[in-house]
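>>> Have a look at this fold, sequence not included:
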């Protein structure tokens, strides 16, 4: 008689645990499903800003300056810097400084057309 009571109590406890868990999961899913990350509203562009942004976008999408003679050596130099940084030969500050110098040297604005 004692063993059947223990089994019954165990089954009831397991059932209550599973039910509470299922209800908790359903509640969390319901709360997070409609949740959206809170962001600040995007600023409304003024006509002058919109025109400047459109002009900037046009220049960013052109690839006339991206010649193989410039891109591959720059990528190889950047990979060499990263390799030295990962090997521990460069400090983070030195890596940033050398990478910024490389970016300045490979700037497409300075490339003669």
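Nice, thanks for sending it over. Predicted, not measured: the structure shown is a model, and the values here were computed from it.
>>> moving C-terminal of the lowest-mean-pLDDT helix or strand in the chain, what's the next helix or strand?
Within the chain, no helix or strand scores below helix 47-61, which has a mean of 50 by mean pLDDT, DSSP states H and E. The first helix or strand that comes after helix 47-61 along the chain, using DSSP states H and E, is helix 68-86.
>>> Show me the domain layout of the chain.
Listed by automatic domain parsing, the domain ranges of the chain are 1-34, 66-108.
>>> May I see those organised as JSON lines, with mean pLDDT and mean neighbour count added?
(Each C-beta comes from the backbone N, C-alpha and C, glycine too.) Converted to JSON lines, the domains of the chain look like this (pLDDT from 0 to 100; neighbours: other CB atoms under 10 Å):
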{"stretch": "domain 1-34", "mean pLDDT": "88", "mean neighbour count": "9"}
{"stretch": "domain 66-108", "mean pLDDT": "83", "mean neighbour count": "12"}
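>>> Show me what stretch 82-101 is in contact with.
For stretch 82-101, contacts defined as CB atoms under 8 Å, 6 or more residues apart in numbering pick out 78, 81.
>>> Scan the protein for its longest helix.
With secondary structure taken from DSSP state H, the chain has its longest helix at helix 2-33.
>>> helices or strands up against it?
Helix 2-33 sits against no helix or strand, with contacts defined as 3 or more CB pairs under 8 Å, 6 or more residues apart in numbering; DSSP states H and E.
>>> Spit out the contact partners of residue 5.
Per CB under 8 Å, 6+ apart, neighbours of residue 5: none.
>>> where does residue 88 fall, phi/psi-wise?
When read as degrees, to the nearest 10, the backbone of residue 88 gives phi 90, psi 10.
>>> Distance check, it against residue 95.
11 Å (CB to CB, to the nearest Å).
>>> again, but for residue 25
Residue 25 sits 46 Å away from residue 95, going by CB to CB.
>>> got it, and residue 7?
Distance of residue 7 to residue 95, given as CB to CB: 66 Å.
>>> With residue 5 instead?
According to CB to CB, residue 5 and residue 95 sit 70 Å apart.
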